[in-house]
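K.L.:
missing the sequence, but the structure's below:
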């Protein structure tokens with residue numbers, strides 16, 4: 001009987017209708033596939049069982065997180081080679097039913113079942129978020145989702161994000177800049193777009209570890225309120241505020257944006273937070289932020305966007321990210337975000353696409369994680385560290401390949417008289433042209 005790797009390579013070719021672009025090394029030590037290609041290492045037969053019980057991305061992710069599946073060679077190249085199998089195959093009904101129609105493919109499935117010995121189904125890794133209760137995007141369920149993602153230890157985030165502790169796309173004046181400088185430049189860009197000045201009230205929605213609020217107070221004299229649903233983030237941010245002697249200018253709250261009632265604010269920043277809101281709540285989000293601004297106040301909404309679907313009813317949340325990274329997170333096309341902000345009353349004044357900037361940022365984060373791998377595993381466990389390595393590397397490729405983008409949208413609560421307060425030529429943002 002042929003070795004496991006040869007059988008798996010042949011069976012995968014039958015099922016996919018094309019040769020695998022990577023090599024396979026199986027649990028019995030055998031190896032097969034195109035010479036010189038990266039190697040998918042199946043360390044245990046259980047990895048195959050996971051794919052048989054949950055075909056596609058989630059089955060692969062479970063095997064990866066559990067350490068049963070690994071990659072030998074360049075991680076980015078490997079993910080790029082298999083991206084078509086993950087993102088393109090399975091779209092539409094034909095790919096899903098094809099194995100049932102073709103006797104040869106049915107025979108391949110039966111052989112995989114024998115090879116994988118699929119009973120019983122393996123339990124999901126402990127890092128997978130279990131069943132969630134209640135309707136989407138209630139206050140309680142949103143707290144649970146945020147806690148799953150952010151309350152994994154501030155020391156782990158320090159290792160990945162670096163001293164800036166900014167968990168969003170940096171702004172790269174030059175690709176060889178340091179991550180710290182690029183994040184500083186992003187915060188400065190946001191402050192300039194908002195036109196912050198001495199004594200202005202800023203609400204930072206989804207404030208993370210407090211970096212935006214601190215930057216606005218330290219460099220622009222703003223009085224900032226940062227809100228987050230993560231208790232660990234809030235504790236860390238408050239410590240930073242105290243250490244910098246800015247307690248009279250910066251307040252950090254554990255609070256839902258729907259519960260903020262102390263407007264009006266001169267400006268609102270929402271950086272990497274709107275992805276958590278959900279399509280059903282996005283108009284409520286826009287209405288609430290509009291109500292919290294003074295007339296002439298500005299909103300800077302920094303948000304990941306997906307490409308529009310041909311049939312928007314067919315959009316579904318990525319299984320791996322929903323189960324392991326951002327539970328209940330949803331991405332919207334840029335056009336829908338702009339339309340919702342306008343429907344809420346905002347005048348959209350500027351849109352800046354930063355897609356390539358996020359790819360650079362993610363590659364730096366992956367590099368930091370890999371350089372500190374042993375410490376990351378000690379801090380958060382091998383499964384969680386593997387989640388983050390896969391998630392960030394795959395996202396970097398998604399930004400590079402234009403599967404997703406990220407945009408800064410500047411909008412104004414323009415009063416009835418039409419005086420927006422915006423400069424005639426805004427793109428310089430008070431600094432030399434970029």
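P.N.:
Cool, the structure landed. Model, not experiment: these values are computed from the prediction.
K.L.:
which parts of the stretch 1-150 of the chain are helices?
P.N.:
4-16, 45-53, 57-65, 75-83, 93-101, 103-116, 139-150 (DSSP state H, counting those that start in this stretch).
K.L.:
weakest of the ones you listed by average pLDDT?
P.N.:
For those, mean pLDDT drops lowest on helix 93-101, to a mean of 42.
K.L.:
for residue 265, give me its contacts.
P.N.:
Shown in contact with residue 265 (C-beta atoms under 8 Å, 6 or more residues apart in numbering): 201-203, 225, 292-294, 297. (Each C-beta comes from the backbone N, C-alpha and C, glycine too.)
K.L.:
now the closest residue to residue 325 other than its chain neighbours: which helix or strand?
P.N.:
Closest residue to residue 325 apart from its sequence neighbours, by C-beta to C-beta, 6 or more residues apart in numbering: residue 391 at 5.0 Å. Counting by DSSP states H and E, the secondary-structure element that holds residue 391 is helix 382-400.
K.L.:
report all helices and strands that that helix contacts.
P.N.:
helix 57-65, helix 75-83, helix 319-324, helix 355-371, helix 373-380, strand 404-412 (3 or more C-beta pairs under 8 Å, 6 or more residues apart in numbering; DSSP states H and E).
K.L.:
now do the buried residues in the fifth one.
P.N.:
The neighbour-count criterion (16 or more other C-beta atoms under 10 Å) identifies 376, 379-380 as the buried residues of helix 373-380.
K.L.:
before we move on, what about the second one?
P.N.:
For helix 75-83, burial by neighbour count (16+ other C-beta under 10 Å) applies to 75-76, 78-83.
K.L.:
got CSV for those residues, with distance to residue 207 too?
P.N.:
Shown next, in CSV, are the buried residues of helix 75-83 (distance: C-beta to C-beta, whole Å):
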residue, distance to residue 207
75, 31
76, 31
78, 36
79, 32
80, 34
81, 39
82, 37
83, 34
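K.L.:
ok, of those residues, which one's closest to residue 55?
P.N.:
Among the buried residues of helix 75-83, residue 82 lies closest to residue 55 (C-beta to C-beta), at 13.9 Å.
K.L.:
ok, now which ones touch the closest one?
P.N.:
So residue 82 contacts 21-22 (C-beta under 8 Å, 6+ apart).
K.L.:
looking at the chain, which strand is longest?
P.N.:
strand 293-306 (DSSP state E).
K.L.:
list the buried residues in that one.
P.N.:
Those would be 293, 296-306, for strand 293-306 by 16+ other C-beta under 10 Å.
K.L.:
can I get those residues in CSV with pLDDT and distance to residue 327?
P.N.:
Shown next, in CSV, are these (pLDDT from 0 to 100; distance: C-beta to C-beta, whole Å):
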residue, pLDDT, distance to residue 327
293, 98, 30
296, 98, 37
297, 98, 32
298, 98, 31
299, 98, 26
300, 98, 26
301, 98, 22
302, 98, 21
303, 98, 18
304, 97, 16
305, 97, 20
306, 95, 17
